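*Asks:* Fold the following for me, if possible:
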Amino acid sequence: MKRALPGAGAVLLAMLAGFFAFGPGIAERQMNVVEGGPLPEVSGEARALHATLTIVDLHSDTLMWARDPLERAGRGHMDLPRLIDGNVALQVFSSVTKSPAGLNFDRNSADARDNITLLAVGQLQPPRTWTSLAERSLYHAARLERAAAEAPDALRLVRSPADIDAVLAGRDATGRPVGALFSAEGLHNLEGNAANLQRLHDAGLRMAGLAHFFDNELAGSMHGLARGGLTAFGRDIVTRMEDMGVIVDIAHCSHQCVAEVLAMARRPVVSSHGGVQATCDTNRNLTDAEIRGVAMTGGVIGVGYFDGAVCDTAPAAIVAAMRHVRDLVGADHVALGSDFDGSVTTAFDTGELVQVTRALLDDGWSEGDIRKAMGLNALRVLREGIKPAGSYHPAEGGRWRVDTTPLPPALPENAS
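*Replies:* You can find the predicted model right below:
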């Protein structure tokens, strides 16, 4: 029996080594899927127009996965080479820190087993990330910063409007550099401590959703149990975000949370990734009233490419949601929010974004509106939203104009 133990130990070690080496990659291949079916043919006109666009994607979850974002991968939806292939000028990279087991669109408990903890351990992330949500986000921010340091001519961090301008001014015929802005998918990573917002801002955070798939200390989730509105802590954090230059993202917020954020908003609000109920009646998508509310702040709606956002994966379905936003509140409030690498199935990856341009042309969009929807609208909101307080105030029509006075008090809760 004693002689068998070393052999059994070796087998166990080999199994563990195999799990850590191959398990996360296998999981990602199963969760971040490109369908691989035939896509519509892209015309020369669409390719020529696409090559001249300034493209911005408001949401991807690539930092969650243990692969080098600078290297072309054989799995997932996004990496730097595919961003360049797709002519993306600026990509928002989100930090996902908690995801409940049995995740669904209807009801999720914050107390359920957390899949991201398993992923952090399985990917051999630093032990500090195994028990702390704040440390997970700081680790993701450090990964993004390290990637930009390793490839400064190809990937540049965006933390200020001047950084946006530098990225755009420096882009060459090869599609480099690509701007990278850091966000968070749910501020449960604050761990109930407002001081962590400053820590994350110092690490590059410039956009954040308040909730993800469960209710937290700040707000109710569209997919939570109570689905309530903002807590006192949540209201305080929204005010701090606006003062500091962190854009408020209402994706995944409950309807009550959305209403309360829009009522108190003093700066542009975004819905970074999702859809609209008019074309895809799922509970994570925005109602027409919510779309109008976002537009009144000067914000944008980033439309996703997955079934839960547009009830399909076809480029035409994506454009149908974009068209509804345009027709309801105008072309100035349409944006892209892929949710690439967010455990979703899509019809194409980042390198094939020309499919969206083709679908917009096929749908009869003007060149000017295509340029807005594919990136110029998002750039406007990012430039305005990541400036610290004292730079903008609401003007007539809910737009923002340059000013040096402090932000006004929050709007009353019953403001429309």
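*Asks:* excluding its backbone neighbours, what's nearest Ala141?
*Replies:* Ala203 (3.9 Å; C-beta to C-beta, 6 or more residues apart in numbering). Backbone N, C-alpha and C define where each C-beta goes, glycine included.
*Asks:* To clarify, my last question referred to Leu379.
*Replies:* Leaving aside its sequence neighbours, Leu379 sits nearest to Val56 (C-beta to C-beta, 6+ apart; 5.8 Å).
*Asks:* what's around that neighbour, how many residues?
*Replies:* By other C-beta atoms under 10 Å, 27 other residues sit near Val56.
*Asks:* Then Asp202?
*Replies:* Neighbours around Asp202, by other C-beta under 10 Å: 11.
*Asks:* residues in contact with it?
*Replies:* For Asp202, the contact set (C-beta atoms under 8 Å, 6 or more residues apart in numbering) is empty.
*Asks:* Confirm that the residue nearest to Leu379 sits in a strand.
*Replies:* Yes. Under DSSP: H, G, I helix; E, B strand; the rest coil, Val56 sits within a strand.
*Asks:* center of this structure, which residue is that?
*Replies:* Nearest to the mean C-alpha position of the chain, by C-alpha atoms, centre = their mean, lies His59 at 2.3 Å.
*Asks:* Surely Glu71 is in contact with Pro81?
*Replies:* Yes. Shown here, Glu71 and Pro81 form a contact pair, counting by C-beta atoms under 8 Å, at 7.4 Å.
*Asks:* between the two, which one's more packed in?
*Replies:* Between Glu71 and Pro81, Pro81 has the larger neighbour count (other C-beta under 10 Å), namely 17 against 10.
*Asks:* Find the residue closest to the residue nearest to the centre of the chain in space, skipping its chain neighbours.
*Replies:* Using C-beta to C-beta, 6+ apart, the nearest residue to His59 is His273, at 3.8 Å.
*Asks:* which element is that neighbour on?
*Replies:* His273 belongs to strand 270-274 when assigned by DSSP states H and E.
*Asks:* Show me what secondary structure element comes after that strand.
*Replies:* As assigned by DSSP H and E, the chain's next helix or strand after strand 270-274 is helix 288-296.
*Asks:* Just the buried residues of that following helix, please?
*Replies:* Glu290, Ile291, Arg292, Gly293, Val294, Ala295, Met296 (16 or more other C-beta atoms under 10 Å).
*Asks:* wait, isn't the residue nearest to His59 in contact with Phe340?
*Replies:* No. Counting by C-beta under 8 Å, His273 sits too far from Phe340 to count as a contact (9.3 Å).
*Asks:* what touches both of the two?
*Replies:* What both His273 and Phe340 touch, as defined by C-beta under 8 Å, 6+ apart, is the set His59.
*Asks:* neighbour-wise, which of the two wins?
*Replies:* Between His273 and Phe340, counted using other C-beta under 10 Å, the more crowded position is His273 (34 against 28).
*Asks:* Kindly confirm my reading that Gln91 forms part of a strand.
*Replies:* Yes. Assessed by three-state DSSP, Gln91 belongs to a strand.
*Asks:* now it: how far from Asp111?
*Replies:* From Gln91 across to Asp111, the span is 33 Å (C-beta to C-beta, to the nearest Å).
*Asks:* related to what we said a few turns ago, and the residue nearest to Leu379, how far is that from Val167?
*Replies:* Applying C-beta to C-beta, the value for Val56 to Val167 is 11 Å.
*Asks:* residue ranges of the strands in this protein, please?
*Replies:* Ranges of strands in the chain, per DSSP state E, are 33-34, 55-60, 88-95, 155-157, 178-185, 205-209, 247-249, 270-274, 300-303, 334-336, 345-346, 392-394, 400-402.
*Asks:* Which one of the ones you listed has the poorest average confidence?
*Replies:* Mean pLDDT is lowest for strand 400-402 out of the strands of the chain, coming in at a mean of 38.
*Asks:* can you pull out the helices in the stretch 1-150 of the chain?
*Replies:* Under the criterion DSSP state H, counting those that start in this stretch, the stretch 1-150 of the chain contains helices at 4-31, 44-50, 80-85, 115-122, 128-131, 133-150.
*Asks:* same check, this time on the stretch 251-400 of the chain
*Replies:* Going by DSSP H, counting those that start in this stretch, the stretch 251-400 of the chain shows helices at 255-264, 288-296, 307-310, 315-329, 354-362, 367-371, 377-385.
*Asks:* Now do the second one against strand 270-274: the angle between them, please.
*Replies:* What it means is helix 288-296. Interaxial angle, helix 288-296 versus strand 270-274 (axes from the mean of the first three to the mean of the last three C-alpha atoms, to 10 degrees): 130 degrees.
*Asks:* now the angle from helix 288-296 to helix 255-264?
*Replies:* 30 degrees.
*Asks:* Ok, the fifth one next?
*Replies:* Between the axis of helix 354-362 and that of helix 255-264 there is an angle of 70 degrees, by the same axes, to 10 degrees.
*Asks:* Quick one: list the elements packing against helix 354-362.
*Replies:* helix 44-50, helix 315-329, helix 367-371 (3 or more C-beta pairs under 8 Å, 6 or more residues apart in numbering; DSSP states H and E).
*Asks:* Any idea which of those helices gets closest to Val248?
*Replies:* helix 315-329 (18.1 Å; C-beta to C-beta).
*Asks:* Please save the CA atoms from the closest one in PDB.
*Replies:* Extracted C-alpha coordinates of helix 315-329, given in PDB (Å, rounded to 0.1, in the frame of the first residue of the first chain):
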ATOM      1  CA  PRO A 315     -26.000  41.500 -38.000                       C
ATOM      2  CA  ALA A 316     -29.400  42.500 -39.200                       C
ATOM      3  CA  ALA A 317     -30.800  41.900 -35.700                       C
ATOM      4  CA  ILE A 318     -28.100  44.100 -34.200                       C
ATOM      5  CA  VAL A 319     -29.000  46.900 -36.700                       C
ATOM      6  CA  ALA A 320     -32.700  46.500 -36.000                       C
ATOM      7  CA  ALA A 321     -32.100  47.400 -32.300                       C
ATOM      8  CA  MET A 322     -29.800  50.300 -33.400                       C
ATOM      9  CA  ARG A 323     -32.500  51.500 -35.800                       C
ATOM     10  CA  HIS A 324     -35.100  51.600 -33.000                       C
ATOM     11  CA  VAL A 325     -32.900  53.800 -30.900                       C
ATOM     12  CA  ARG A 326     -32.200  56.100 -33.800                       C
ATOM     13  CA  ASP A 327     -35.800  56.400 -34.800                       C
ATOM     14  CA  LEU A 328     -36.900  57.000 -31.200                       C
ATOM     15  CA  VAL A 329     -34.300  59.500 -29.900                       C
END
